[in-house]
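>>> this is a predicted model, with the sequence first.
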Amino acid sequence: MNHIAAAETSFRLEAGSKPMGIARVRTIHSMLVPFPVAYFAAAFVTDLAYWRTDEVMWERFSVWLIAGGLVMAALVAIAAVIDLAFGQQKPAWFRALTYLVAILLSLLNVFVHSRDGYTAVVPTGLTLSAIVVAILLLFATSATWSLTTRRGARR
Amino acid sequence: MIRHSKSTRSTKLPRVAAAFALTVAGLALASCDDTGGDPGKQIGANPVLPALQQYLVPPIRIARPVPWGNDTPKVPQGLQVHALATGFVHPRSLYVLPNGDVLVVESNGPKAPVFRPKDIITGWVQWFAGAKAKDENRITLLRDANGDGTPEVRTVFLDHLKSPFGVALVGHDLYVANTDAIVRYPYEDGETSITAPGVKLTDLPGGPIDHHWTKALVASPDGSKLYVGVGSNSNITENGIGAERERAAIWEVDIKTGAHRIYASGVRNPTGLQFEPETKKLWAIANERDEIGPDLVPDYLTSVQDGGFYGWPYSYYGQHLDPRVEPQRPDLVAKAIVPDYALSSHVAPLGLAMYSGTGLPETYRGGAFVGEHGSWDRTPLNGYKVVFVPFSDGKPSGKAQDVVTGFLDADGSTTHGRPVGLAIDHSGALLIADDVGNTVWRVSSAASAPKPAS
């Protein structure tokens, strides 16, 4: 819950400091960034459920959630490229790379989750899901969820 | 706020990320570099079993189907091969009636459900390998009364079946094992087509998943029981253990009542049920599990013991545990039987013919022909041939020899066909169903050709 409050606060600050550029500050990709975060976090929960129950339904939830998160991440990447090219944006390196690491680990994770049976989740898949969630927590508690900042803005 | 403190670190981060990305890519590539060993070490009673490995990306290696044209399979000296008939739609199994008529079961599996993203990929792979042919759901009859190797009669014997595979005639009752039931039809000697409606003897485990859909069938020598091969509903319980109820087993069905019991269990996909002619014992071939290495787990040929448990899913070749199955069952693993004869890994045996005829040369008298459909997840490819396992005293007594080859081309990138069901015709020739070449091949003694009408 904390990170949502933080994000909102920062948005107000940005909006307040640059009243004329409000439409520009809201980049296309920043609307999509939360989707993979939500999907991967949910996959960690369903992984825990599979680990506790051995019920394959949870494992299937996990692999679809991770796959869905990766599809959304691909859209984030496309939108971020558009923002960088046309939106007068430059990469916010720390946030962008934290996010990228979580995506790459999830790419690894979707292959692990595509194994058959128990070892699709326990222990490697579950561990990867947990690491991804930990990295995304780091990402989520930063001032904003945008992967870019406005070009020319002082950082 | 936090942003100011980050600017100093930001130059280092791209390098860290690049190193990480390389590691991920490296891992993915490493898992692809994986070549199987000599299949010869895994043929016979004591196969060499390497340590199991688990994949990030399971290997997929399929041979692209190309038509036979004027080509035929290859046979060793002393034998000859020709097409008995062509133009079938995915012929899977064969059965020879008492009057010599040959039944060709043209069948394919029901549509597989998509439970995971992986199932979509698997569907594409199977389509590419030519396994997604239309399901004709019928049995075609071939009659070669004058024995010249060219059938004069070709009729639709039975139609509108449901993914049929096994056929067994007991007296005047013809039993057909559809994927979801055994159905009995009245059969009169010499009939070329059955139009009478069938009567269901018993249900079999069918949909909605029906992963291993082929139901092999054989009647006991006294005609009182039917034995049915019921394959597992998954590779290794990824559809849940609940989906495996009464599967991965050989059923014994009472012919009078339709009541059944589990005759043997723990056999992942049992097909080719046959009674060994000398000892009258039941034998089967089995497809073992995938995705734990190019040399695991060897498929096998085995006698089937009443009440025997053969390991699946908990273990393989006796007590080799499979970590992909949880919860485990140490009580079952403890009594898991080691199969009699390994055929090597991923050859996919789907046809078995015990040979007691005299039509073929001396070397093939007494033994079992095995149709190996061929691998799709191993480099180099394995199978795609028919082998002969010599028997003596009712047991395998030597190395399997290649009998019918030439399905694959030399570099293994394309295949003309894939052998499936086998049968022995009345002249003692070996018949092979080829479900990619859509042909039934007939292998006979070279000396007997051309056989005059008798």
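Happy to help now that I have it. A quick note: this is a predicted structure, and the numbers were derived from the prediction, not measured.

>>> so residue A:97, which state does it fall into?
Look at residue A:97: counting by DSSP: H, G, I helix; E, B strand; the rest coil, its state is helix.

>>> with the one 3 residues further on instead?
Residue A:100 carries the three-state label helix when classified by three-state DSSP.

>>> for the residue of the stretch 251-400 of chain B found nearest chain A, phi and psi?
Closest contact between the stretch 251-400 of chain B and chain A, by C-beta to the nearest C-beta, is at residue B:324 (3.0 Å). Every residue, glycine included, has its C-beta placed from N, CA and C. Dihedral angles of residue B:324 (phi, psi; degrees, to the nearest 10) stand at phi -80, psi 0.

>>> get me the contact residues on chain A for chain B.
Within chain A, the positions near chain B by C-beta under 8 Å from any C-beta of the partner chain are A:10, A:54-57, A:59-60, A:63-64, A:67, A:93-94, A:97, A:100-101, A:104-105, A:107-108, A:110-112, A:114-120, A:122, A:142-143, A:155.

>>> list buried members of those by neighbour count.
For the residues of chain A next to chain B, a burial check counting by 16 or more other C-beta atoms under 10 Å in any protein chain shown picks out A:10, A:54, A:56, A:59-60, A:63-64, A:67, A:93-94, A:97, A:100-101, A:104-105, A:107-108, A:110-112, A:114-120, A:122, A:142-143.

>>> ranges for the helices of chain A?
Using DSSP state H, the helices of chain A run over A:2-17, A:22-25, A:29-32, A:34-53, A:56-86, A:93-113, A:124-140.

>>> list the residue ranges of the chain that fall below the pLDDT cut-off.
Picking chain A for this. Applying pLDDT under 70 to chain A flags residues A:1-25, A:153-155.

>>> switch to chain B, that's the one I care about
For chain B (pLDDT under 70), the answer is B:1-33, B:448-454.

>>> spell out the secondary structure type for the residue nearest the centre of it.
With distances taken as C-alpha atoms, centre = their mean, residue B:350 lies nearest the centre of chain B, 2.6 Å away. Using three-state DSSP, the structure places residue B:350 in strand.

>>> so how many other residues sit close to the closest residue to residue B:64 other than its chain neighbours?
Nearest residue to residue B:64 in three dimensions, chain neighbours excluded: residue B:414, at 4.8 Å (C-beta to C-beta, 6 or more residues apart in numbering or on different chains). Neighbour count of residue B:414, defined by other C-beta atoms under 10 Å in any protein chain shown: 13.

>>> with residue B:330 instead?
Other residues close to residue B:330 by other C-beta under 10 Å number 11.

>>> one more: residue B:366?
By other C-beta under 10 Å, 18 other residues sit near residue B:366.

>>> what's the separation between the closest residue to it other than its chain neighbours and residue B:188?
Counting by C-beta to C-beta, 6+ apart, residue B:391 is the residue found nearest to residue B:366 once chain neighbours are left out, at 5.3 Å. Note on residue B:391: its distance to residue B:188, by C-beta to C-beta, to the nearest Å, is 35 Å.

>>> which of the two has more neighbours?
residue B:391 (23 against 9).

>>> SS state for the more buried one?
strand.

>>> most packed of the helices of chain A?
Comparing the helices of chain A by mean neighbour count (mean count of other C-beta atoms under 10 Å in any protein chain shown), helix A:93-113 comes out on top with a mean of 22.

>>> could you check the angle that helix makes with helix A:56-86?
150 degrees (axes from the mean of the first three to the mean of the last three C-alpha atoms, to 10 degrees).

>>> who are the packing partners of helix A:93-113?
Here helix A:93-113 touches helix A:34-53, helix A:56-86, helix A:124-140, helix B:13-30, going by 3 or more C-beta pairs under 8 Å, 6 or more residues apart in numbering or on different chains; DSSP states H and E.

>>> switch the cut-off to 10 Å
helix A:34-53, helix A:56-86, helix A:124-140, strand A:148-150, helix B:3-6, helix B:13-30, helix B:117-128 (3 or more C-beta pairs under 10 Å, 6 or more residues apart in numbering or on different chains; DSSP states H and E).

>>> skipping adjacent residues, who's closest to residue 59 in space?
The chain I'm using is chain A. Per C-beta to C-beta, 6+ apart, closest to residue A:59 is residue A:50, 4.7 Å.

>>> oops, I was thinking of chain B
Of all residues not flanking residue B:59 in the chain, residue B:377 sits nearest, at 5.5 Å (C-beta to C-beta, 6+ apart).

>>> ok, the residue nearest to the spatial centre of chain A to residue B:87 distance?
Geometric centre of chain A, nearest residue: residue A:37, 3.5 Å, by C-alpha atoms, centre = their mean. Distance of residue A:37 to residue B:87, given as C-beta to C-beta: 57 Å.

>>> nearest residue to the closest residue to chain B within chain A in space, please, no chain neighbours.
Per C-beta to the nearest C-beta, residue A:117 is where chain A lies closest to chain B, at 3.0 Å. In this structure, residue A:117 finds its nearest non-sequential neighbour in residue B:324, 3.0 Å apart by C-beta to C-beta, 6+ apart.

>>> need the contact list for that neighbour.
Going by C-beta atoms under 10 Å, 6 or more residues apart in numbering or on different chains, residue B:324 touches A:115-120, A:122, B:52, B:54, B:235-238, B:289, B:291-292, B:313-314.

>>> for the residue nearest to the centre of chain A, what are its contacts?
By C-beta under 10 Å, 6+ apart, the neighbours of residue A:37 are A:3, A:69, A:72-73, A:99, A:102, A:132-133, A:136-137, A:139-140, A:145.

>>> need the residues you listed in TSV (columns: distance to residue B:297).
As requested, the contacts of residue A:37 are exported to TSV (distance: C-beta to C-beta, whole Å):
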residue	distance to residue B:297
A:3	48
A:69	34
A:72	38
A:73	37
A:99	41
A:102	36
A:132	33
A:133	36
A:136	39
A:137	42
A:139	43
A:140	44
A:145	48
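
>>> and residue B:89, what element?
Taking DSSP states H and E as the definition, one finds residue B:89 inside no helix or strand.

>>> ok, the spatially closest residue to it that is not a sequence neighbour - how many residues close by?
Excluding its sequence neighbours, the residue lying closest to residue B:89 (C-beta to C-beta, 6+ apart) is residue B:136, at 4.3 Å. The tally of other residues near residue B:136 (other C-beta under 10 Å) stands at 20.

>>> do the same with residue B:326
16.

>>> excluding chain neighbours, what is closest to it?
residue A:118 (3.9 Å).

>>> one step back: was I right to think the residue nearest to residue B:366 contacts residue B:276?
Yes. Counting by C-beta atoms under 10 Å, residue B:391 touches residue B:276, with 7.1 Å between them.

>>> joint contacts of the two?
B:283, B:354, B:356, B:366, B:368.

>>> just the buried members of the residues you listed?
B:283, B:354, B:366, B:368.
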